[in-house]
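*Asks:* Just to be clear, the model below is a prediction. Sequence and coordinates:
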Amino acid sequence: MELDFLRTHIHQIVCLTDEEFDHAASFFTKRKYKKHQYIIQAGDVASQEHFVVKGIVKSSYTDHEGKEYILQLAMEEWWFSDPNAFNTGMPATLNVDCIEDTETLSISFENKEKLCASSRKMEYFFRKKYTTGNMALQKRVLALLSNNAGERYKQWRNQYPSLQKRIPKTLIASYLGVTRETLSRLSL
C-alpha cells in the first residue's frame, strides 16, 4: 500500500519500470509515529528525509525566547526534513512533530545519494521535488512579507482546502503569523 502510494507520486514526474521502482523502493524504510511524537528535535541528527504516506506533521523553529514559528505543515504526498541538517550532517535546528498519527517512507542521506547515483530518473525526480519545494517556500516568504493577514489566510485556504478541517486553528494562526483571535475574525 505505502509503496503503491510512493510509486504513484514518483510517476507524476518520471515513469519507472517495475524493476526500476523495486530498486528505488529498496532504499526507503517504512516508519510509524503517534500523534504528538517528535520525528526530529532541534539539536539531534536529522539523517532522514521523509515522504508522508498518512498523517500531518508540523515543522517549526523555536527561538531563544521560546516562541515557536511554524515553517511547514506537511500532509500526504509531501516531503519533509530539516534540510540543512539532512544535507550537512549538522544538528537539526527544526522540530518536527506529528499533528496526527503519521506513517512515512524515509530515506537516509547516504541512501538518497546512492539511489541518485544509480538512477538518473530518480535523480531527476528529487531535483524536481527540490525545485518545487523551493518555489513553494519562496511564495510563502513573499506572502508573509507582502500580504496582509486576510490575504494570507485566503491564499492558504485556496491552496490547501483539505488541511483546514484537519489542523487546529491555533496552528493555522501560527503558520500564518497571526493570533488565534485574528484568525477567528478572518474565518467569519
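*Replies:* Great, that's in hand.
*Asks:* what's the neighbour count on A136?
*Replies:* 13 (other CB atoms under 10 Å). In short, each C-beta sits where N, CA and C put it, glycine included.
*Asks:* can you tell me the helix or strand for it?
*Replies:* Using DSSP states H and E, A136 sits within helix 120-146.
*Asks:* which residues are contacting the following helix or strand past that helix?
*Replies:* Next along the chain after helix 120-146, taking DSSP H and E as the criterion, comes helix 149-159. Residues from elsewhere that reach helix 149-159 (CB atoms under 8 Å, 6 or more residues apart in numbering): 143-144, 147, 164, 172, 175-178, 182-183, 186-187.
*Asks:* Could you pick out the buried ones from the residues you listed?
*Replies:* 143, 172, 175-176, 178, 183, 186 (16 or more other CB atoms under 10 Å).
*Asks:* Number of residues surrounding V52?
*Replies:* Neighbours of V52 (other CB under 10 Å): 20.
*Asks:* packing partners for the lowest-mean-pLDDT helix or strand in the chain?
*Replies:* Least confident helix or strand, the chain: helix 180-187 with a mean of 86, by mean pLDDT, DSSP states H and E. Applying 3 or more CB pairs under 8 Å, 6 or more residues apart in numbering; DSSP states H and E, we find helix 180-187 packed against helix 149-159, helix 169-176.
*Asks:* Tell me the bridge partners for the most centrally placed residue in the chain.
*Replies:* Nearest to the mean C-alpha position of the chain, by CA atoms, centre = their mean, lies F80 at 3.2 Å. With DSSP bridges as the criterion, F80 is bridged to H50.
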